[in-house]
Each structure stands twice: as structure tokens, then as C-alpha cells.
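1. fold the stuff below for me.
(chains A and B)
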Amino acid sequence: MRLSLPSNPRIRSLLWQILLAGLLGVMAWFFVGNLTENLAKRGISFGYDFLSGPAGFDIGERAIAYDADSSYWLAFLVGILNTLRVAVLGIVAATALGLVIAIGALSRNPLLAGLCRSYVEVLRNIPLLVQLFFWYLLLATVLPNSQQPFEILPHLFISKNGFQFPWLSPEAGVLLEYPELGTFGLTGGATLSPEFLALFIGLATYTSAFIAEVIRAGILAVPKGQTEAAASLGLRRLQILKLVVLPQALRVIIPPTTNQYLNLTKNSSLAVAIGYPEVVSVATTTLNQSGRAVEAISILMLVYLTFSLITSFLMHRFEAATRLKER
Amino acid sequence: MFKKSVIGTAVTLGLAIAASPVLANKTLESVKSKGTLSCGIHTGLGGFGIADSAGKWTGFDVDFCRAVAAAALSDNTKVRYVPLNAAQRFAALQSGEIDVLSRNTTWTMSRDTQLGLTFGATTYYDGQGFLVNKSLKVKSVKGLKGATVCVQSGTTTEKNMADYFRANKITYKPVVIEDFKASVAAYVEGRCQAYTTDASGLAAIRANDVKNPNDHIILPEIISKEPLGPVVRRGDEDWAKLVSWVHFAMLTAEELGITSANVDEKRSDTNPEVQRLLGQGNNDFGKSMGLDPAWAYRVIKQVGNYGEVFERNVGRNTPLKLDRGPNALWTNGGLQYAPPIR
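-> Predicted coordinates for the structure are as follows:
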């Protein structure tokens, strides 16, 4: 009896897909088996149980209570929150800056347009790692010593300790805690460290150059007739931009901007080079203290995948909301 | 290059997943058939492992690579140096990229028992200290309360510091940077009030990296034990023994007064200890390690005894100006002690 494929194309395609999924499963099983076998052969133990043990190292910047007694789990959480902090603030700043630069680049003023175009060209053509070093060493070099902080505004200080400002402190018994000068500079209040500032500035400016180009392209994609029609209705330039052009441009802008948001989040991992304790930095230390390379890297992959999927999901929702509603 | 460690680790994982395991028990054979020894060293620590202006690697740890090559390959120049960051080093060894790691690596229990690695000889007894700028007028580690401390990631120092400061109830803020040079730059530019690593490393930074060495002091407290030495993969006992005995041979040579200058005339010495070390008479201690009788002779001839290597790279007449201290021979009150060659 000759075996023939079912004639129904839907069943046939389903069969192929089951076959493919099966093959992928076998491959995954082979790789995992090989990995465990090879690790065992080299005398390397494998497992995630180490995560509940004490981490034993300190983290300079943390949003939640953490010390060296805390578990590796908590250390990872501190790192994840630090990544989130710089990613969220970076995305907001990059978007705002990108919008301003894009509108500037389209301006009829040649000086402004030229400046904005050169901003884009310079920033997007220098590797981000170089830019991060530039900002970090610039801050570390030009800022005043932490023992002699510079007061920008009353109670707002900048020094090699970073940007320090008063902050709510209910547990200290006061509503607002002001930075006070100690032996090695200011303590109390809140601090944005030079590592954070360098990473934030670097990521925001670098990504803003790409976002500016995306927005500029999106605006130029709106047919000229739309602008002319709006002008003939008597709208002013800013009104045209706000009411007619940008809403239509958004549909073109959102998908590539999502990519930029994802890039910014992933690029924040370069912070290990300048000492901001985000999740890669924590993973590197963990990897070394515990020797759990496979485990630490797999956690990292999962963290970034989760971040990216969440960002994609939110941006898809936003995209759906701005889609042209046809009646 | 700073992402290299993560990438390196990822590549190692990739290899571990895909490749068949490297040949165990055969490191010496593979080194001999390759004709070169792959030796993992520091990316740039003055006195221990650093490239000079001509691109030639020098230093205490580098000399140990040369000594192993002299024993195993009869030629101390047959070394492929692989500069590694702290975070990359174990992955490089586990994956088989290097044959021996000679990169001021602290021997700890977890590293020795969990990572598929084997430690053997301690080539340098060290301890962790702190480097501070004199202008801060800090006299001891206790005075560092509230200070920011720069440290390289992927080292035992991060953990030691956390333990010590917690035990002494000192608050501090670590700035952890992956690249050694970048972490030192952060200290030099004044981002941190103190830099911490092994005392020998601090001496190297003070001698090579700060603007004026006299503006910086190393605080008196040594807060940890850091026995530094070569590391090999587990599963090849023969190779591990060879690496350890290269160090012991260099110690024995110093103990017996044999130097690279006088080793040739010492070959005719009638002292049985000297004869055993240099493989004279009927003595052949190389055979059991897969080597010829003259293995130790070549190490001493081409690289020198332990004292020579120490003085040449990190001793009183080098920029590092380190004392032998605990690294003196046991006969001089130090900890360097070689089992007898019998």
C-alpha cells in the first residue's frame, strides 16, 4: 500500500507543522541532553537552587531593601528594577527629544534644520559604547569633587557623587530629607549617580537620533495635499502639525519606534562597562561568585525576552488604538 | 571589547551545548601536538601580566606560563597568551580555550569544588587592601565610612569587601565596573574615594596608573586571604601535577641556590638534591609526568628560580616595590614551601 499525503490542504499543512514542531522538539531535547551531559563530564553542577542562597555582594544603587545577606533572587530583582528605571526614563526622554529634533530638522529655518540634521548624523554614527564612555569619563572628570559639591539651586547639588536632591523620607521621621555634607560628600536625600546619568544621557541621545529619523520619515509620508487642505481651512502651521499631520504620521511611526524602544532596553546592558548595576552587571557578579554561568545567562535571556515582549505588546495595543478607523 | 566576557560566556555555553567534550586526560599531549601552550593571563596588570610597548607580554604570571612551556615544550617562547577579564577566565578554561590559567586567581573552596577546575600550587600569597588618595587623610579602612569604593567585577574582592564592611558596620557604596582599566580610571578621576583589590594589584595600580604615586597610600588593613595561583581543568590529574611541580621546582631551585645564571655549572654539583632537581645521574623525575629528565633544568635556565621571577617582576627594584613578605621561602619565615623532590 502506498502512503499518500492527505488531499485536504489544511490537514496537509497541519501535518507538516506537527512534523516541524516534532523536529524542533527533538533538537531541543538533544541540545539540553548534550549540555547536561557535558557539564556533568566537566564536573560542573547545574541547577537554580543557588538562587535562594545569600548573594554576599553589595549593590550600589537599589530601589528596594537589599544587602549582602539577601538572596541571589533579590539581587537579580534589584538589577531588573535598575534596568527598568533607566529603560523607562530613557524611552520617555528619547521620544521627547526625538520629536523635537525631527520637527527641527523639517523646519524652514536652515540653521535649525542643519543643526538637527547634524545632531542625528553625529549621534547615530558613533558606537553607543564609545558614547557611554565619553559621557561617563566626562562626568567623572568635569564634575566637582564630592567633598565640594556645586549647588545648582538651593538644596540641589551636583558633584562626582552625582546629582543629589531632597527626597521624601518618612522612615527617617522627616517629610523631606535634605542632602547634608559628610566626610566623603553629601549624604541623605536622593542621588542619581554619575553611572546612571551617563547611561541615561547616552541611551536617550543615541536613541533619540534614530527616533527623530523615524518621526521625520513619518511626517514626510503624510501626503502634501493634507497639509495644503488644512492650510486652506485657515489652520496655522502648529495647528496643522498637531491636528492633521502628526495623527496620520503616527501610524507610520509606531512600528519602527517600537524597535527603537526594544533597542534602548537591550542597549542598557552596555552599562556593565560604566558600572551602573543593572541586570547584566548583577548577572556577571553572580556568575562569578557562584560560578553558575548557564543559569545566570539563561536568567538574563529570560529577563530581556520578557521586557521585549511586554514592550511589543503595549506598542501593539497603542498601534491598534491609532489605526485608521473606517466607517 | 567590554561585552566580551558575556559573549565569551555565551560562546562557551554554545560550545558546551553543541560540541563534544574536549579530550580529558590529554592536555599535555594536545599541548605537545599543537606545539604551543595556551595560557590565560591578565589583560593588563603591571608586574603580573602586561604587554610592553613592543607588544611582548611580561610579568610574574606570564613568567609562570613561560616556565610551564619550558617544561612541557622545551621552549619558553612557545606560549599563546590569551588576555582575559576576571569574568571570562573560568569559562575560557572550562571550554578548553586555554590549557592553564595564570592570572592572579584566588583559590577558594567554591571555585575548587564547583567549577570543574583544580587549583594546586600557590604562586603568590596575597590579601585584599584599599588604595586611597592621601588628601582624604584616611588612616584606616574604618575611616572609609560613607565612602564610594571602585572595584572590578567578577572577583573575590566584591564579596570580601561586603563581608568586612558589614562585620565592622561600615556603610559604603560600591561602583562595580567590568573592565579593569575602566574601573581604575573611575578611581583615578575621583569618582571613588577608594579602590580595592589584592594588595599586589594595588601596588601595580599605584606604580602604573595614578598620576602621582606619592599622592596615594595603601591602607594598613589586609582584609582577606588571597592565595593566587595557576588553575587547570579538572579531570586531568597528570597535567595538574605538572603545573604544580613547575612551581615547586622553581622554589626548590631558589632553596638550593640555583639560578638561571649558575644552573649549567650546578649540573655537575654532587649534592643529591641538586642532582634530583636537575635530572642528573640516574634521576628521572620527568618521566612520571610525561617529560624528560631535564624539565626542571630548562625551567630554571630559561625562566629562573622563584626568587628571580619575583624580583624581576614585582620586587624592590621594580615600580611595584613589593617585599617578599609571606612569599619568602619557608626557610626565611615565609609561606613558600615545596614538597621534596624524592
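
2. how far away is A:Ile240 from chain B?
-> Separation of A:Ile240 from chain B (Cβ to the nearest Cβ, to the nearest Å) stands at 45 Å. (Glycine included, C-beta is placed from N, CA and C.)

3. give me the pLDDT for that residue.
-> A:Ile240 carries a pLDDT score of 90 in this model.

4. hang on, it in a helix?
-> Yes: assessed with DSSP: H, G, I helix; E, B strand; the rest coil, A:Ile240 lies in a helix.

5. wait, it sits on A:Glu228?
-> No: applying Cβ atoms under 8 Å, one finds A:Ile240 not in contact with A:Glu228, separated by 9.5 Å.

6. looking at these two, which is more packed in?
-> Set A:Ile240 next to A:Glu228 and count neighbours by other Cβ atoms under 10 Å in any protein chain shown: A:Ile240 wins out with 18 against 11.

7. list the buried residues in stretch B:71-87.
-> For stretch B:71-87, burial by neighbour count (16 or more other Cβ atoms under 10 Å in any protein chain shown) applies to B:71-73, B:76, B:78-79, B:81-87.

8. restricted to strands, list those.
-> The subset of the buried residues of stretch B:71-87 located in strands under the criterion DSSP state E comprises B:Val79, B:Tyr81, B:Val82, B:Pro83, B:Leu84.

9. hey, where'd the helices end up in the stretch 201-342 of chain B?
-> B:237-255, B:263-266, B:272-278, B:295-302, B:306-313 (DSSP state H, counting those that start in this stretch).

10. swap in chain A?
-> Here chain A has its helices, by DSSP state H, at A:9-41, A:72-105, A:110-124, A:128-142, A:194-220, A:224-232, A:237-239, A:246-267, A:279-290, A:293-322.

11. quick one: stretch B:318-325 to chain centroid distance?
-> Centroid separation between stretch B:318-325 and its chain, computed with Cα atoms, centre = their mean, to the nearest Å, is 15 Å.

12. same check, this time on stretch B:142-149
-> Mean-position distance between stretch B:142-149 and its chain equals 29 Å (Cα atoms, centre = their mean).

13. give me the pLDDT for B:Asp215.
-> So, for B:Asp215, pLDDT stands at 93.

14. my read: it touches B:Leu131, true?
-> No: in this structure, B:Asp215 is not within contact of B:Leu131 by Cβ under 8 Å, at 10.6 Å.

15. give me the more crowded residue out of the two.
-> Neighbours per residue, other Cβ under 10 Å: of B:Asp215 and B:Leu131, the larger number sits with B:Leu131, 25 against 12.

16. helix or strand: which one has that one?
-> Here B:Leu131 sits within strand B:128-133, counting by DSSP states H and E.

17. near chain A at all, that strand?
-> No: figure legend: strand B:128-133 not in contact with chain A (Cβ under 8 Å from any Cβ of the partner chain); closest approach 10.0 Å.

18. which is the next helix or strand following that strand?
-> By DSSP H and E, the next helix or strand past strand B:128-133 is strand B:148-152.

19. give the buried residues for the helix or strand following that following strand.
-> Heading C-terminal from strand B:148-152, the first helix or strand you meet, by DSSP H and E, is helix B:156-167. Judged by neighbour count using 16+ other Cβ under 10 Å, the buried positions of helix B:156-167 are B:Thr156, B:Thr157, B:Glu158, B:Lys159, B:Asn160, B:Met161, B:Ala162, B:Asp163, B:Tyr164, B:Phe165, B:Arg166.

20. how about B:Leu45, nearest residue that isn't a chain neighbour?
-> Spatial nearest neighbour of B:Leu45, chain neighbours left out: B:Ala204 (5.3 Å); criterion: Cβ to Cβ, 6 or more residues apart in numbering or on different chains.

21. got the contact list for the one you found?
-> With contact set as Cβ atoms under 8 Å, 6 or more residues apart in numbering or on different chains, B:Ala204 has these partners: B:Leu45, B:Gly46, B:Gly47, B:Phe48, B:Val314, B:Leu320.

22. specify which member of the buried residues of helix B:156-167 is nearest to B:Asp209.
-> If you rank the buried residues of helix B:156-167 by distance to B:Asp209 using Cβ to Cβ, B:Thr157 comes first, at 16.5 Å.

23. need the contact list for the closest one.
-> The contact partners of B:Thr157, taken as Cβ under 8 Å, 6+ apart, are B:Gln128, B:Val151, B:Thr196, B:Thr197, B:Asp198, B:Ser224.

24. measure it to B:Glu226 for me?
-> Relative to B:Glu226, B:Thr157 is positioned 8 Å away (Cβ to Cβ, to the nearest Å).

25. identify the residues contacting the residue lying closest to B:Gly281 once chain neighbours are set aside.
-> Distances taken as Cβ to Cβ, 6+ apart place B:Gln275 nearest to B:Gly281, at 5.0 Å, with adjacent residues excluded. Neighbour list for B:Gln275: B:Asp269, B:Gly281, B:Asn283 [criterion: Cβ under 8 Å, 6+ apart].

26. which of those count as buried?
-> Burial by neighbour count, judged by 16+ other Cβ under 10 Å, picks out B:Asp269, B:Asn283 from those.

27. quick check: of the contacts of B:Gln275, which lies closest to A:Phe30?
-> B:Asn283 (51.9 Å).

28. isn't that closest one right next to B:Pro293, touching?
-> Yes: using Cβ under 8 Å, B:Asn283 is in contact with B:Pro293, at 6.6 Å.

29. any regions of the chain where pLDDT drops low?
-> I went with chain A, as the question did not name one. Residues of chain A that meet the criterion pLDDT under 70 lie in A:1-3, A:5, A:43, A:170-173, A:326-327.

30. actually chain B
-> B:1-25.

31. let's go with 80 and repeat that
-> Applying pLDDT under 80 to chain B flags residues B:1-25, B:87, B:154-155.

32. show me the domain layout of it.
-> Chain B breaks down into these domains under automatic domain parsing: B:12-125+B:228-332, B:128-224.

33. dump these into a markdown table; add distance to A:Gln260 as well.
-> Listed next are those as a markdown table, based on distance: least, Cβ to Cβ, whole Å:
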| stretch | distance to A:Gln260 |
| --- | --- |
| domain B:12-125+B:228-332 | 28 |
| domain B:128-224 | 26 |
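
34. to A:Leu233, which of those lies closest?
-> domain B:128-224 (57.1 Å).

35. Three-state assignment for B:Cys39, please.
-> strand.
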